[in-house]
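K.L.:
Just to be clear, the model below is a prediction. Sequence and coordinates:
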Amino acid sequence: MAEPQQHRWSASDGVELVYYTLGEGRPVLLLHGLFSSAQMNWIKFGHAERIAREGFRVIMMDQRSHGASAAPHDPANYPKHVLVRDLTELIGTLALTDFDLCGFSLGSRVTLDAVGAGLGPRRVVLSGTGLDVLSNWRRRSTFFTEAIEQFDTAPRGNPHWLAIQFMRTMKVDREAARLLLQSMDDHADPSAVLAAFTMPTLVVCGDEDDDNGSGADLAAALPNARFEEIPGTHMSSVTKPELGDAIARFLASA
């Protein structure tokens, strides 16, 4: 299969964002996790290729302040729900009217918010997440903000040390990341978001991943969802071929 193709586009506030495409067929958008990228979550470990082999055009955005996309330092570029806005603008730019949507971790939270706001994909995959993802953002964003503040001082063994090492690996722009973390918040009424998921939905999570609560509980709380467990922790499950296999099987089963 050909290599993923990189494309650039400008969001409505002029920020240049990047997305990648692979394969031909029905479009499916993949959204990566916090501090990660399309390359790290979807391309590197073969998930995008696995999904494309089922006859899909895989579209993978580097979300604002991630990967090859711009990471501005102006707070005006990080209004509430900016990642949902970027997603819906990309869908409009590409003139997509019938598509599937898949997220991992942060990407799953963006997917939940977007569908809760009225976006209507045919099928949805929520991976690397659980039921608490709608109510634990303030706690987790505080943790990651503390990691940014301790970036140069936290010793090995510090609770923030692993997050800091991942930020180093991904060359995260810390000021942009800090601003992005402030653009999201907890949901006062998660039930309203959950009720919007009338489309078939797969929740897939590592058997050692409880960073955002229980994946099984999330699936049970959605109107039309099933749960699939794969090996791994929050960090390692995205490297497992079982993730791409589960997503590809589910999307191709319609």
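P.N.:
All right, it came through fine. Bear in mind the structure is a predicted one, so any value in this text is a computation, not a measurement. Numbers count the residues shown, from 1 in each chain.
K.L.:
For beta bridges, what are the partners of residue 202?
P.N.:
Beta bridges link residue 202 to residue 125, residue 226, judged by DSSP bridges.
K.L.:
Make 50 the first number, not 1, from now on.
P.N.:
Okay, using 50 as the starting number, the last item reads as residue 251.
K.L.:
number of nearby residues for it?
P.N.:
Using other CB atoms under 10 Å, residue 251 has 21 other residues around it. Where C-beta positions appear, they are placed from N, C-alpha and C, glycine not excepted.
K.L.:
same question, residue 50
P.N.:
Neighbours around residue 50, by other CB under 10 Å: 9.
K.L.:
Likewise for the one 5 residues further on?
P.N.:
The local packing of residue 55 (other CB under 10 Å) involves 14 other residues.
K.L.:
any idea how far the residue nearest in space to the middle of the chain lies from residue 150?
P.N.:
Nearest to the mean C-alpha position of the chain, counting by CA atoms, centre = their mean, stands residue 156 at 1.4 Å. The gap separating residue 156 from residue 150 is 9 Å, by CB to CB, to the nearest Å.
K.L.:
Quick one: low-confidence residue ranges for this protein.
P.N.:
Scanning the chain for pLDDT under 70 picks out nothing.
K.L.:
what about the strands in it?
P.N.:
According to DSSP state E, the chain carries its strands in the segments 54-59, 65-71, 75-80, 105-111, 149-153, 173-176, 250-255, 274-279.
K.L.:
Point out the most buried one among these.
P.N.:
Ranked by mean neighbour count under mean count of other CB atoms under 10 Å, these are led by strand 173-176, which reaches a mean of 29.
K.L.:
Show me what that one packs onto, helices and strands only.
P.N.:
Helices and strands touching strand 173-176, by 3 or more CB pairs under 8 Å, 6 or more residues apart in numbering; DSSP states H and E, are strand 149-153, helix 155-165, strand 250-255, helix 290-301.
K.L.:
nearest to residue 279, of these?
P.N.:
Comparing the helices and strands packed on strand 173-176 against residue 279 with CB to CB, the closest turns out to be helix 290-301 (4.0 Å).
K.L.:
Next, the buried residues of that closest one.
P.N.:
292, 293, 294, 295, 296, 297, 299, 300 (16 or more other CB atoms under 10 Å).
K.L.:
give the contact list for residue 200.
P.N.:
By CB atoms under 8 Å, 6 or more residues apart in numbering, residue 200 lies in contact with 213, 216, 223.
K.L.:
Could you report the separation of it from residue 245?
P.N.:
With CB to CB as the criterion, residue 200 and residue 245 are 37 Å apart.
K.L.:
now the helices and strands packed on strand 173-176 as TSV including distance to residue 282?
P.N.:
Shown next, in TSV, are the helices and strands packed on strand 173-176 (distance: least, CB to CB, whole Å):
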stretch	distance to residue 282
strand 149-153	13
helix 155-165	16
strand 250-255	6
helix 290-301	13
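K.L.:
Nearest approach to residue 93 belongs to which of the ones you listed?
P.N.:
helix 290-301 (11.2 Å).
K.L.:
Can you spell out which helices and strands pack onto that closest one?
P.N.:
For helix 290-301, the packing partners by 3+ CB pairs under 8 Å, 6+ apart are helix 96-101, strand 149-153, strand 173-176, strand 250-255, strand 274-279.
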